[in-house]
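Participant: Following is a predicted model, sequence given first.
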Amino acid sequence: MTKLDARIPSGPLADKWSSHKESIRLVNPANRTKLDIILVGTGLAGAAAASTLGELGYNVKAFCFQDTPRRAHSVAAQGGINAAKNYKNDGDSVYRLFYDLIKGGDYRAREANVYRAAEVSNQSIDQLVAAGVPFARDYSGYLDNRSFGGVQVSRTFYSRGITGQQCLLGAYSGLIRQMAKGKVTMYPRRDMLEVVVVDGEARGIITRNLVTGEIERHSGHAVVLATGGYGTIYYLATLAVGSNATAAWAAHRKGALFANPSFVQIHPTSLPQLNDYQAKLTLMSESLRNDGRIWVPKAKGDKRPPNTIPEGERDYYLERRYPAFGNLVPRDVASRAAKERCDAGYGVGETGLSVYLDFSGAIEKQGKKAIEAKYGNLFEMYHKLTGSDPYREPMRIYPAGHYTMGGLWVDYNLMTTVRGLFSIGESNFSDHGANRLGAGSLMQCAGDGYFILPVTIGDYLSDKIKEPRMPVDGPDFDAAEKDARDKLDRLMGSGGKQTVTSLHKRLGRIMWDDCGMVRDGGGLANALGALADLKEEFWRDVKVPGRQDQLNQELEKAVRVADFLELGELMCRDALDRKESCGAHFREESQTPEGEALRIDEEYSYVAAWEYQGEDAGHKLHKEPLVFENVEIKERSYK
Amino acid sequence: MKMKLKIWRQASAEDKGGFVVYDLDGVSQEMSLLEMLDYLNTTLIERGEEPVAFDHDCREGICGCCSLFVNGRPHGPAKDTTTCELRMTKFAEGSTIVIEPWRSRVFPVVRDLIVDRSSFDEILQAGGFISANAGAAPEANSLPVSRDNAEEAIDTAACIGCGACVAACPNGSAMLFVASKVSQLALLPQGRLEAKQRVRDMVAKADELGFGSCGNMGACEAECPKGIKIAHIARLNREFVRAAF
Ligand SMILES: Cc1cc2nc3c(=O)[nH]c(=O)nc-3n(C[C@H](O)[C@H](O)[C@H](O)COP(=O)(O)OP(=O)(O)OC[C@H]3O[C@@H](n4cnc5c(N)ncnc54)[C@H](O)[C@@H]3O)c2cc1C
Ligand code: FES
């Protein structure tokens, strides 16, 4: 049976990381060159890790499903990356950043990890700047900051609306530099299908070459997953179309516990759905809420064009409900408030499923030029996608699935419950509790990849220096490859009639309706039934054309949806089990008289970590109790 | 809307390939071009045919995956737009849309509309980085960068590595791609130390890989979905000359 031990170092919070680094076992430089690390996923977290591990001398074999690491979905992050530099002299500090993250996560994250994330954030900015990331500067030539939802300081570093692209390309430039030196070997256009576990330790992976269809075996002394989030389970989400849970789910099936799977952030400012064939929802950066005001008409079903609705007939509902934070309340609060207005019949647009985000006041006050400098490319993107000009007319926005706080359970060393199997970036559950604050993910990804994993993995690898490279023909590799092949054969051979996409859409609908912004016991129980039926229907009736031994995008999708169907069940089970509301997890049954999320700390102050027990054997719940010694637990109020 | 689609189909790199014409009914103006292809693929799968393979991921103009030659232009007729951002409103009811993969010797077709752009990664490996190890970086504000330089560096760093510049160029030159990286790093003080080596190595690598030379025709600038300016090639040339001394 798996036992949870987070291995949190003792001592005062602020000293934990430095004393851990001092006491942790290391691998000397000569020995590092004998050790191979398999790294799946080269987004910001993975690329930063690949470059640093390569610099340290390890041999890194890195994998991604796109044709090059530069296209990982980190590229799409718009708004920014946080750090506690206190350049604005507005009272920021590592402790305050830590506190904001813990509070923003609604007291459902582990103190020690969160503090460390805040602590290394400054180093990440130094590193990214040194790598040539062109962050915005003020006229003095120093770095500029903006503020983001859920906090009262300015600590967000940014490059216009393309911060993720710039951070990723910075990390990727380190990765390709190590490729040139022969320390990193890149395997693009690969899907990781299985983890190979030998004597309880992760020693390899099975991949499918997406161009030739070949099934490949790779061995290493440790395996790191940096495979991103699984928000595409909703079908329509702000994530890239190819984002998936397959690698994490493969790890889960091999013994890695999956933590807080139902904690999903629904982002308040995405473009609404425009047509039935839409493949994704485009995010409009949260930074827009700095200057944009959100409103709906005061009258139900008011269909007048927005500019003709007089000021007095508009309901700026966030400012009304949350006077202290106004339009800058955290994402989950803003999303639910939009849903509440739309469900009550005040939504705008043809479907009534959107609200206005209005810049007219800001343009009047600051001038069009100033607004253009801050948001030019976002406005352009909106204009291109919708045909409406946000300089003249308010944007229309609606919440969309965005970020998965849940993920593989990891200890303080970022190791999962399978020895030698690590998880970094969005693919782990570590730093954001039940809700992530804006600009916190890039911060975590850079920190995990550049500064944390490269140290903590040494502790594990120091035991491995005498172990030679493992041949890939052992029985565990055979078995893992067989599992991968069986699944592909089953998908190809089902001979059904329904396209993968049509089934994925139905899955997304179930998840969105019953395990989305608002959940309740009845809905979740129904969803579990519906998912079981859909899973059965999927395997009986899915249609995958073409062949296995060639580039086959339908097969790639089918593999992903098959795993999403299982993950969906676990998400609903997790959501059902947690009868409190916390952060993005809002249980209808648990709210304050004013309709805010009501935590039940006595019962639910824990991380829910689920153990896989076999395809039809259900999951077993393990609880990691959360202890708060450095913050006072409060109602998370933004009023 | 009803559309006629003339699409390049090629089973593999070895296959000769050719155009196939599809009549597609029920296209909506609200769709993007890629959503229209998704829709076509649904109808193909339902008819028992193999869907058209094409690269895509973010669907919002930032990852650089999508790479279609539409009616004779990389990323189609709209300015500053990637294929995934292209809306069907740009096409008239009943018209024919010709869709091909990037055409370039150095971007061989993998299947249908998917090409191999790994040569771009190779160019960057030759010098598209600053040699800064994690842990050694100085405090970020210790190196001020003038606001103008920082803004210009962002303009050129916005390159998404899609390859439209190469596909647009009659010579198949990658100079706009190379220049965007050389220029970005040359504009920043932290990139200056390695500037000479960088420009020499990257240009040499592009030559070695078989990209053509720049004839100053400007097709790359006209087709770049990120509006990267050919003036950066002039900067690259200056850097190149400087590197000779
Ligand atoms: C539209 C958008 C805007 C955002 N804006 C911000 C922001 O402003 N600030 C912020 O902090 N955060 C933001 N986020 C969140 C943040 O961008 C992500 O959480 C973060 O970039 C994830 O990085 P990652 O390295 O963990 O994963 P990713 O960048 O998603 O990379 C995943 C990697 O894993 C690979 N992979 C996945 N599955 C497999 C498989 N089965 N086999 C092989 N390889 C695989 C992929 O190829 C890729 O290389 C935003 C997110 C979105 C969607
Ligand atoms: S799909 Fe990412 S740029 Fe078009």
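Facilitator: Okay, I see it. Ligands and ions are numbered 1, 2, ... in the order given.

Participant: Now the stretch 51-200 of chain A against chain B: closest residue?
Facilitator: residue A:141 (3.1 Å; Cβ to the nearest Cβ). All C-beta spots, glycine's among them, are computed from the backbone N, C-alpha and C.

Participant: Flag every residue of the stretch 201-350 of chain A that's near chain B.
Facilitator: A:211, A:240-242, A:274-275, A:277-280, A:282-283 (Cβ under 8 Å from any Cβ of the partner chain).

Participant: if you set the cut-off to 7 Å instead, what comes out?
Facilitator: Residues of the stretch 201-350 of chain A lying close to chain B (Cβ under 7 Å from any Cβ of the partner chain) are A:211, A:240-242, A:274-275, A:277-280, A:282.

Participant: Would you mind checking those for buried ones?
Facilitator: A:211, A:240-242, A:274, A:277-280, A:282 (16 or more other Cβ atoms under 10 Å in any protein chain shown).

Participant: so what pLDDT did residue A:396 get?
Facilitator: Residue A:396 carries a pLDDT value of 95.

Participant: For the nearest residue in space to residue A:123 that is not next to it in sequence, which residues are in contact?
Facilitator: Spatial nearest neighbour of residue A:123, chain neighbours left out: residue A:451 (5.7 Å); criterion: Cβ to Cβ, 6 or more residues apart in numbering or on different chains. If you count contacts by Cβ atoms under 7 Å, 6 or more residues apart in numbering or on different chains, residue A:451 has them with A:120, A:123-124, B:134.

Participant: 10 Å instead, please
Facilitator: A:17, A:21, A:48-49, A:52, A:116-117, A:119-121, A:123-124, A:127, B:134-135 (Cβ atoms under 10 Å, 6 or more residues apart in numbering or on different chains).

Participant: ok, of those residues, which come out buried?
Facilitator: A:17, A:48-49, A:52, A:116-117, A:119-121, A:123-124, A:127, B:134.

Participant: can you pull out the strands in chain B?
Facilitator: Taking DSSP state E to define them, one finds strands in chain B at B:3-9, B:18-24, B:68-70, B:73-74, B:96-101, B:109-111, B:114-115.

Participant: Paired strands for the first one, with orientation please.
Facilitator: If I follow you right, that is strand B:3-9. strand B:18-24 (antiparallel), strand B:96-101 (parallel) (DSSP bridges).

Participant: So which of the ones you listed is nearest residue A:373?
Facilitator: Relative to residue A:373, the nearest member of those by Cβ to Cβ is strand B:96-101, separated by 36.9 Å.

Participant: Restricting the selection to alpha carbons, write that closest one to CSV.
Facilitator: Extracted in CSV, the C-alpha atoms of strand B:96-101 (Å, rounded to 0.1, in the frame of the first residue of the first chain):
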residue,chain,number,x,y,z
THR,B,96,-12.4,27.6,-54.5
ILE,B,97,-9.8,27.5,-51.8
VAL,B,98,-6.5,26.0,-52.7
ILE,B,99,-4.6,24.6,-49.7
GLU,B,100,-1.0,23.4,-49.9
PRO,B,101,1.8,22.7,-47.4
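
Participant: Which pLDDT value does the model give residue 231?
Facilitator: All of this refers to chain A. Reported pLDDT for residue A:231: 97.

Participant: meant chain B actually
Facilitator: In this prediction, residue B:231 has a pLDDT value of 96.

Participant: Residue B:244 too?
Facilitator: 85.

Participant: same deal with residue A:149?
Facilitator: On the pLDDT scale, residue A:149 gets 69.

Participant: swap in the one 5 residues further on?
Facilitator: Residue A:154 is assigned a pLDDT of 94 by the prediction.

Participant: ok, how many other residues are close to it?
Facilitator: By the measure other Cβ atoms under 10 Å in any protein chain shown, the count of residues near residue A:154 is 18.

Participant: Now it: phi and psi?
Facilitator: In terms of degrees, to the nearest 10, the main-chain angles of residue A:154 are phi -100, psi 100.

Participant: Could you double-check that it sits in contact with residue A:146?
Facilitator: Yes. At 6.1 Å, residue A:154 counts as touching residue A:146 under the criterion of Cβ atoms under 10 Å.

Participant: what's the overlap in contacts for those two?
Facilitator: Counting by Cβ under 10 Å, 6+ apart, the residues touching both residue A:154 and residue A:146 are A:88, A:290.

Participant: Select the helix or strand of chain A having the lowest average pLDDT value.
Facilitator: Sorting the helices and strands of chain A by mean pLDDT, DSSP states H and E puts helix A:368-386 at the bottom, at a mean of 87.

Participant: Buried residues, stretch B:28-40. List them.
Facilitator: Using 16+ other Cβ under 10 Å as the test for burial, stretch B:28-40 gives B:30-40.

Participant: same thing with stretch A:57-76?
Facilitator: A:57-76.

Participant: likewise stretch A:32-48?
Facilitator: A:32, A:34-48.

Participant: Now do that stretch, average pLDDT.
Facilitator: Across stretch A:32-48, the per-residue pLDDT values average to 98.

Participant: Just the CA coordinates for it, please, in PDB.
Facilitator: Output of stretch A:32-48 as PDB, limited to C-alpha atoms (Å, rounded to 0.1, in the frame of the first residue of the first chain):
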ATOM      1  CA  ARG A  32      26.400  13.000 -13.400                       C
ATOM      2  CA  THR A  33      27.700  12.200 -16.900                       C
ATOM      3  CA  LYS A  34      26.900   8.600 -16.300                       C
ATOM      4  CA  LEU A  35      23.300   9.200 -15.400                       C
ATOM      5  CA  ASP A  36      20.400   9.500 -17.900                       C
ATOM      6  CA  ILE A  37      17.300  11.400 -17.200                       C
ATOM      7  CA  ILE A  38      14.100  11.000 -19.200                       C
ATOM      8  CA  LEU A  39      12.200  14.200 -19.400                       C
ATOM      9  CA  VAL A  40       8.700  14.200 -20.900                       C
ATOM     10  CA  GLY A  41       7.400  17.600 -21.800                       C
ATOM     11  CA  THR A  42       9.400  20.600 -22.800                       C
ATOM     12  CA  GLY A  43       7.100  23.500 -21.900                       C
ATOM     13  CA  LEU A  44       8.500  26.200 -19.600                       C
ATOM     14  CA  ALA A  45       8.900  23.700 -16.800                       C
ATOM     15  CA  GLY A  46      10.500  21.000 -18.900                       C
ATOM     16  CA  ALA A  47      12.700  23.200 -21.000                       C
ATOM     17  CA  ALA A  48      14.000  25.000 -18.000                       C
END
